[in-house]
Structures are given as structure tokens and as C-alpha cells.
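Enquirer: Kindly return the folded structure for what I paste below:
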Amino acid sequence: MNWLSKITPPGMSKIFSKRDTPDNLWVKCPISGEMVFQKDLEAGQFVTPAGHHMRIGPAWRFQFTFDDAFEELDTPEVPKDPLKFRDEKTYVSKIAAARKKTGRDDAMAIAVGRIGGVESVVLVQNFAFMGGSLGMAAGESFIKAAETAIAKRAPLIVFTAAGGARMQEGALSLMQMPRTTIAVEMLRDASLPYVVVLTDPTTGGVTASYAMLGDVQIAEPGALIGFAGPRVIEQTIREKLPEGFQRAEYLLEKGMIDQVVHRHEIPATLARMLRVLMKRPSASTPGRLAPPSPDHVAADGGSHEHPTPGH
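Expert: Down below sits the predicted model:
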């Protein structure tokens, strides 16, 4: 004990001591640069005051979409690293890191619940898991979601978010494009609605397959939607692209999608749509569930912007 500690009144050292604060207490809006309090962001469904729709994981997406309780389904297991792929790191180590980061087995999550009183199957693509890339596991999850919808005579709603096919699986990844397309045809043969909600970003092989096959195509405001990214296109054609090119509003103007819907309005929009498509009477929508626990969301990679991982 030194002389300073002897003359310091009891309790004063605690007042001036450094306090630990969470790293994600404040989040910066990419549009306005405004710092938004995390709790306010959660209350606003991760839409900033400037209107930027931040990327969210399956836990939040399910909570925001379903009327009340829902059941998450297990995703199918697939062979691990069948090609023994390696670049800077092994594919197995990348999968392990993504699982640790998100708390999920792969890039797809499936849940069953009610939207506007209509039992529905919802499939969410998780961009935090290796950029939401489409591989064998994601393809099998899509097929399971479609088969579940058919078994339950329920619509399938898919929230897309992906950088494309998973290159570490080579042709096995590309095979998922026709396989998911066949699953969509199975839904059509069963006369069941297939609704796609395009979120930021939806690109590559995902856009070239199930993402653009919906009976109804909805997009969140400002979502990047395309095959090749704008930077790649500009470097290829050596021309500057139009303002807003490949954004949701641009695609709506060109007739590529049906609606651009604010995140707050998506549940009500889906509810109205599903009641019409499933020929159900109008009903009041029950109140939403409380937000998921912070631990679940932290594991899910839910509330932060995730740069496209190298995959």
C-alpha cells in the first residue's frame, strides 16, 4: 500500500477505475456514419435511423417473421471436405471457424411456425457463415425445407443472403443449383407457394438458381442483388455502371422483382400474401415474441455487418 492509497477515501478508487464495456455497445451506420446504440438497433429490427437495413442472422430473422412460437429443425449432415480442399487454410478448419463464430452447422437454418396465422416453413441463409455460400449442406437444407413444406401442405419462404457457390466443394457445390431448382418444381407440382425475400447481398450461383424462382419476389431496401458484383462488371466492361445498379430499387424499376418492402413491414406483407395464396380468411396477427437472448444472438452473428469472407 503506497501513500496515495492511504489518503484516498473508501470507494473513490472504484469510481475512477476503468470499466469494461461491451465491444458492440454502439454500431456505426454505414450510410450516415451515425453511432447507434445497440439496444435501439435491436428495437428497430436492425434498421438504422437513416434507413440502412443491417445484415441479421437466423435467430433474429425467425423472431421478426413468425407470429409467436416456432420450431427450428435440424439441418441434414453431409460428407466433410470430400475434395480435401486446401488454400491458405484447410476447408475443414474454415468450417470449424465458421461454426464457432455463428454457433450453427452451416449457412442454412430452417424453422416452422405461423405467419399471419398460416403455418409456414421458413429457410434463412446466414451470410455470417462463410458468406452464406451454397454448398452440399445448404443444398440439402433447402431440399429438406421444401419437403417439409410439402409434407405439411405449407408455403415455403426463403430469405436469401449469399456470395454464391462454395468454391471449396467444386462441382459438388454447383450441383446444388439444379437440385434446388428441382425442389422448387416439387413445390409447384404440389401447388404450394414459394416466396423469396432477397436480402443484402444475394449474388452468384444463388441468384442464378432458387433466389429468382419465387412465385413472388420481395427484396429489402438497398439489397445488392445480381450475379457478378458491380466491381467485377466494371473491370470487365471498363465502364462506370449506373447509379444504384443491382440494388433492389433498380431491379424493381426494371421488373426483375415484385416489391421492395421495409423490414418492419415484411411480416404483415407475407401474412396478407400467404392468406390469399393459401385461401385462408383474414385474421389478426398475434403479438411478436420477445427478442432472442443476447447469448444466442452473439453466437448467431446476428447484429453486425459482416464483410464477405474469403470462401
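Enquirer: What is the distance between stretch 55-70 and the centre of its chain?
Expert: Computed by Cα atoms, centre = their mean, to the nearest Å, the chain-centroid distance of stretch 55-70 equals 10 Å.
Enquirer: Past the biggest helix by length in the chain, which element shows up next along the chain?
Expert: The residue-count maximum for a helix in the chain (DSSP state H) belongs to helix 136-152. Downstream of helix 136-152, the first helix or strand assigned by DSSP states H and E is strand 156-162.
Enquirer: what sits up against that next one?
Expert: With contacts defined as Cβ atoms under 8 Å, 6 or more residues apart in numbering, strand 156-162 is touched by 55, 61, 65, 107, 115, 120-127, 131-134, 142, 145-146, 149, 187, 192-204, 206, 210-211, 214, 270. (Each C-beta comes from the backbone N, C-alpha and C, glycine too.)
Enquirer: rerun that using 6 Å as the cut-off
Expert: The contact list for strand 156-162 (Cβ atoms under 6 Å, 6 or more residues apart in numbering) reads 61, 120-125, 127, 132, 145-146, 149, 187, 194-199, 202, 206, 211.
Enquirer: And for stretch 188-208?
Expert: Here stretch 188-208 has contacts from 134, 149-150, 155-165, 177, 184, 187, 211, 214-220, 223-227, 277, using Cβ under 6 Å, 6+ apart.
Enquirer: Just the buried residues of the residues you listed.
Expert: Using 16 or more other Cβ atoms under 10 Å as the burial test, these include 134, 149-150, 155-165, 177, 184, 187, 211, 214-220, 223-226, 277 as buried.
Enquirer: What ranges does the chain have for its helices?
Expert: Here the chain has its helices, by DSSP H, at 3-7, 12-16, 38-43, 58-65, 91-102, 136-152, 170-174, 176-189, 204-207, 230-237, 248-253, 266-277, 294-300.
Enquirer: Just put the ones you listed in a markdown table and tack on mean pLDDT and distance to W26.
Expert: What follows is the helices of the chain, written out as a markdown table (pLDDT from 0 to 100; distance: least, Cβ to Cβ, whole Å):
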| stretch | mean pLDDT | distance to W26 |
| --- | --- | --- |
| helix 3-7 | 58 | 34 |
| helix 12-16 | 57 | 23 |
| helix 38-43 | 94 | 7 |
| helix 58-65 | 98 | 18 |
| helix 91-102 | 96 | 21 |
| helix 136-152 | 98 | 33 |
| helix 170-174 | 96 | 38 |
| helix 176-189 | 98 | 39 |
| helix 204-207 | 96 | 32 |
| helix 230-237 | 92 | 29 |
| helix 248-253 | 97 | 27 |
| helix 266-277 | 97 | 26 |
| helix 294-300 | 53 | 15 |
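Enquirer: Which among those is found nearest to A50?
Expert: Nearest to A50, of all those, is helix 38-43, at 11.9 Å by Cβ to Cβ.
Enquirer: The closest residue to A211 other than its chain neighbours bridge partners, please.
Expert: Closest residue to A211 apart from its sequence neighbours, by Cβ to Cβ, 6 or more residues apart in numbering: T160 at 4.5 Å. As for beta bridges, T160 partners with L198 under DSSP bridges.
Enquirer: any idea of the pLDDT on T160?
Expert: Listed pLDDT for T160 reads 99.
Enquirer: and the nearest residue to P281 once chain neighbours are set aside, how many neighbours?
Expert: Sequence neighbours aside, R275 is the residue nearest to P281 in space, at 7.2 Å (criterion: Cβ to Cβ, 6+ apart). When neighbours are counted by other Cβ atoms under 10 Å, R275 registers 17.
Enquirer: Equivalent analysis for V260, please.
Expert: Using other Cβ under 10 Å, V260 has 19 other residues around it.
Enquirer: what's near enough to touch it?
Expert: The neighbours of V260, taking Cβ under 6 Å, 6+ apart as the test, are 219, 221, 248-249, 252.
Enquirer: Then K101?
Expert: If you count contacts by Cβ under 6 Å, 6+ apart, K101 has none.
Enquirer: Nearest residue to A69 in space, ignoring adjacent ones along the chain?
Expert: That would be G113: by Cβ to Cβ, 6+ apart, it lies 6.5 Å from A69.
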